[in-house]
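A.B. asks: Here is a sequence together with a model predicted from it:
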Amino acid sequence: MKKVWWKESVVYQIYPRSFQDSNGDGIGDLPGIIRRLDYLKELGVDVLWISPFYKSPGRDNGYDISDYQAIQAEFGSMEDFDRLLAEAHARGLRVVIDLVVNHTSNQHPWFIESRAHRSSPKRDYYIWRDGQNGGPPNNWGSNFSGSAWTLDEATGQYYLHTFGDFQPDLNWDNPAVREEVFRMMRWWCDKGVDGFRMDVISMISKTPDMPDGELKPGSTYGSFAPYVVNGPHVHQYLQQMNREVLSCYNLLTVGECSGLTVDQACHYANEGGTELSMAFQFEHMDLDGGESFKWNTRKIDIVELKALLTKWQKGLEGRAWNSLYWCNHDQPRIVSRMGDDSTPALREKSAKVLALCLHMMQGTPYVYQGEELGMTNAPFGELSDFRDIESINAYHELTETGVMEPARMLECLRYKSRDNARTPMQWDASPNAGFTEGTPWIMVNPNYTELNAAEQLARPDSVFHFYQELIRLRHTHEIIVYGSYDLLLPDHPQIYAYTRTLGQQKLLCVCNLTGRPAACTLPDGFADAQILACVGPQPHGTAITLGPWEGFALLHL
Ligand code: GLC
Ligand code: CA
């Protein structure tokens, strides 16, 4: 397997709106990030991925961009960005920015021009179709509820938006669109950014005839997925992007690829490097979904999780590169989802063992802000506590069509809403967790008085120091980066155990992912192994019993 820096790196994701406010308006900003670079250096990560800070009406918190080459005033200025880049580079931290080019904001000049009239030179920058039988061109539903089509009264046609009606999809079949995007990417690369996280990049190529999607029982809209996800030209477009932009620089690129399969990943993230460095798959995040999409309070089954992550570990081995994550700005907090946040002690143990289980695998790990502290879901009360467009729209659609009772839907939102990831970073025990001196744009989780970075930095056995140690181990032991992976005990209902192998070296990782004691027998050959990391007491012998949320990693030379 080829050795490259981004395989050996750990990435830290920053959601700028919720990271650090510097001017008291209650919204995190670029100068706020600069203030916290030393903290990130202390954690030991190599790369920062910063979610969008571009000019935007902010209806999807910046994933609706109206100018790709300008900074939204509330986040700061272009000088602030340049300073952030320089300050990060001075500390040896690379900076990856978000590339949101499946769609723009409806306030982007391209769209304003496109919708102006049918013969506008920019008409074909977006996807326009005539309606059918007095309604939209087909039955597709948007990812943010309602139809995926909106009628433009003035020109009498519908435009496609796979997300909100304020996020029209770009037409990637138009070569001019591709050239505009590539030109913009080169502009950021010439500034010195170190890569791109590509928003819903698996959706940029649409099947031209766009037939109705499958209607699931009880749903109003059909699914666009078979005609949009991994569409007919997606690999061709990414290979062109690679030739014309990516290959000219030394970048980390990661595609957000909902609907990704192992075979598809071997194209997107192929070892030959003709497309992207790696991709985010979603299958493990979908294990607790089901009817009504993700709006459930179901728990992830551990045996299923092991089978699934093993499929990815083995399936990509030698062919493509994995990205490893439990959390991002679209997911609830992992310690509340899979661990136990009911007491500080259980919270810390479960946060650590989940981290251990993921960080000893093959792939590039991503840490989402606050995950390194074991930050939890927030105690949201009513609908008015939520800010996220997806959550609010889903609440209305599902309760107004009678699919869900309001109280039940609120319960699902409290568990699964993206806002759980978006409450402010908990820096210290001062008012608003040290995030802002003003009024935060979304509630601060009240547990900040006890759960915060300052407290954890001062305490050697904190979750922070455990993450710091996992990152240090990855930088020290090549086997953690490049070793091959094999699952042990596939049917054990509580324990996730696997080995990594590199030449003569073997690593063993064993994690009890439940709150009950769990017993197992270790494979031979680890009797006098070195303990790399440990949650709970050190293991002795081969017949072992792990307490709730305990685990360890051993290295045998
Ligand atoms: C991606 C982003 C998400 C955003 C959506 C539309 O899934 O991660 O936050 O809402 O794309 O851009
Ligand atoms: Ca601010």
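C.D. replies: Perfect, thanks for sending it. Residues are numbered from 1 along each chain as shown. Ligands and ions are numbered 1, 2, ... in the order given.
A.B. asks: gap between the residue in the stretch 51-200 of the chain that ligand 2 sits nearest to and F19?
C.D. replies: Here the stretch 51-200 of the chain gets closest to ligand 2 at one residue, E74, 6.1 Å apart by CB to the ion. The way it works is simple: take the backbone N, C-alpha and C, and place the C-beta from them, glycine included. Distance, E74 to F19, by CB to CB, to the nearest Å: 13 Å.
A.B. asks: Which one's more surrounded, those two?
C.D. replies: F19 (23 against 19; other CB atoms under 10 Å).
A.B. asks: Would you check how far apart that one and I50 are?
C.D. replies: Distance from F19 to I50, by CB to CB: 9 Å.
A.B. asks: any shared contact partners between those two?
C.D. replies: Applying CB atoms under 8 Å, 6 or more residues apart in numbering, one finds that F19 and I50 are jointly contacted by I33.
A.B. asks: Looking at the protein, name the residue that lies furthest from the middle.
C.D. replies: Centroid-distance maximum for the chain: N133 at 39.4 Å, with CA atoms, centre = their mean.
A.B. asks: mind listing what it touches?
C.D. replies: Here N133 is in contact with no residues (criterion: CB under 8 Å, 6+ apart).
A.B. asks: And for R472?
C.D. replies: Listed by CB under 8 Å, 6+ apart, the contact partners of R472 are G44.
A.B. asks: where does it land in three-state SS?
C.D. replies: helix (DSSP: H, G, I helix; E, B strand; the rest coil).
A.B. asks: quick one: it from A553, how far?
C.D. replies: 13 Å.
A.B. asks: what do you get for Q264?
C.D. replies: 31 Å.
A.B. asks: In terms of neighbours, single out the busier of the two.
C.D. replies: Taking neighbours as other CB under 10 Å, Q264 and A553 compare with A553 leading, 25 against 19.
A.B. asks: The strand or helix carrying that one pairs with which strands?
C.D. replies: Per DSSP states H and E: A553 is located in strand 551-556. In the sheet, strand 551-556 lines up against strand 505-512 (antiparallel), strand 530-535 (antiparallel) (DSSP bridges).
A.B. asks: Out of those, flag the one nearest ligand 1.
C.D. replies: For those, the distance to ligand 1 is smallest for strand 505-512, at 27.7 Å, taking CB to the nearest ligand atom.
A.B. asks: List the buried residues in that closest one.
C.D. replies: 506-512 (16 or more other CB atoms under 10 Å).
A.B. asks: Stretch 262-277 now?
C.D. replies: Quick answer for stretch 262-277 (16+ other CB under 10 Å): 264-265, 267-270, 275-277.
A.B. asks: start to end distance for that stretch?
C.D. replies: End-to-end span of stretch 262-277 (CA to CA, to the nearest Å): 15 Å.
A.B. asks: which residues are contacting that stretch?
C.D. replies: 1-2, 4, 6, 195, 198, 201-202, 230, 235, 238-239, 242, 246-247, 251-255, 257, 260, 278-279, 281, 311-312, 315-316, 318-322, 364.
A.B. asks: So among those residues, which ones count as buried?
C.D. replies: Applying 16+ other CB under 10 Å to the contacts of stretch 262-277 flags 6, 195, 198, 201-202, 230, 235, 238-239, 242, 246, 251-255, 257, 260, 278-279, 281, 312, 315-316, 319-322, 364 as buried.
A.B. asks: where exactly do the strands run in the stretch 451-557 of the chain?
C.D. replies: 484-488, 495-502, 505-512, 518-521, 530-535, 543-546, 551-556 (DSSP state E, counting those that start in this stretch).
A.B. asks: how about a markdown table for the ones you listed, with distance to ligand 2 and mean pLDDT added?
C.D. replies: Putting the strands of the stretch 451-557 of the chain into a markdown table (distance: least, CB to the ion, whole Å; pLDDT from 0 to 100) gives the following:
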| stretch | distance to ligand 2 | mean pLDDT |
| --- | --- | --- |
| strand 484-488 | 43 | 98 |
| strand 495-502 | 41 | 98 |
| strand 505-512 | 39 | 98 |
| strand 518-521 | 46 | 96 |
| strand 530-535 | 37 | 98 |
| strand 543-546 | 45 | 96 |
| strand 551-556 | 39 | 97 |
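A.B. asks: wait, doesn't L457 sit right on E42?
C.D. replies: Yes - here L457 lies in contact with E42, judged by CB atoms under 8 Å, at a distance of 7.5 Å.
A.B. asks: Counting neighbours, go ahead and name the busier of these two.
C.D. replies: Between L457 and E42, counted using other CB under 10 Å, the more crowded position is L457 (17 against 13).
A.B. asks: tell me the contacts of the more buried one?
C.D. replies: Contacts of L457 by CB under 8 Å, 6+ apart are 42, 464.
A.B. asks: go with 7 Å
C.D. replies: F464 (CB atoms under 7 Å, 6 or more residues apart in numbering).
A.B. asks: Pick out the residue nearest the middle of this structure.
C.D. replies: Centroid-nearest residue in the chain: N328, 3.7 Å away (criterion: CA atoms, centre = their mean).
A.B. asks: Now that residue. Nearest residue, chain neighbours left out?
C.D. replies: Leaving out its chain neighbours, the residue that sits closest to N328 by CB to CB, 6 or more residues apart in numbering is Y368, at 5.1 Å.
A.B. asks: who's the one you found bridged to?
C.D. replies: Beta bridges link Y368 to Q13, judged by DSSP bridges.
A.B. asks: Number of residues surrounding I480?
C.D. replies: That count, for I480 with other CB under 10 Å as the rule, works out to 24.
A.B. asks: Just to check, it is in contact with R474?
C.D. replies: Yes - using CB atoms under 7 Å, I480 is in contact with R474, at 4.8 Å.
A.B. asks: give me every residue that touches the residue in the chain that ligand 1 sits nearest to.
C.D. replies: Residue nearest to ligand 1 within the chain: Y63 (3.4 Å; CB to the nearest ligand atom). Shown in contact with Y63 (CB under 7 Å, 6+ apart): 52, 100, 199.
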